[in-house]
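Undergrad: Quick one: sequence and predicted model below, then my questions.
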Amino acid sequence: MIFFFGTRPGKKETKVLNDVTCPYCNQTGTLTAVAQPNYAHLFWIPLFTINNIRYAECSHCKKVYYKEDFTQEMERALSK
């Protein structure tokens, strides 16, 4: 019997952080947060989430902030 098991990224969710200032270039409203889960699947059916990748990117300076680099202001805006 053959089993097809693997991992696959889920659907990307994006959110514009309008009232948040980029710590690098000090521009307001240029950050976009992205969350994308990775799933373990069997026969291309998602079973459970392995991890969730979260990052924010500034559209002005192109700086990327990963989850561990988020400021308190970014965390508050994401929890709204």
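TA: Thanks, I have it. Because the structure is a prediction, the values reported are computed rather than measured.

Undergrad: would you list every one of the strands in the protein?
TA: For the chain, the strands defined by DSSP state E cover 5-9, 13-17, 31-42, 45-58, 64-66.

Undergrad: Leaving out the residues flanking it, which one is nearest to Glu13?
TA: Ala35 (4.9 Å; CB to CB, 6 or more residues apart in numbering). Any C-beta I mention is one placed from the backbone N, CA and C, and that applies to glycine too.

Undergrad: What is the burial count for the one you found?
TA: When counting by other CB atoms under 10 Å, one arrives at 17 neighbours for Ala35.

Undergrad: ok, it to Gly29 distance?
TA: From Ala35 across to Gly29, the span is 19 Å (CB to CB, to the nearest Å).

Undergrad: Could you do Thr49 as well?
TA: For Thr49 relative to Gly29 (CB to CB), the value is 31 Å.

Undergrad: if you count what's nearby, which of the two comes out ahead?
TA: Neighbour comparison, Thr49 and Gly29: the larger count goes to Gly29, with 14 against 11 (by other CB under 10 Å).
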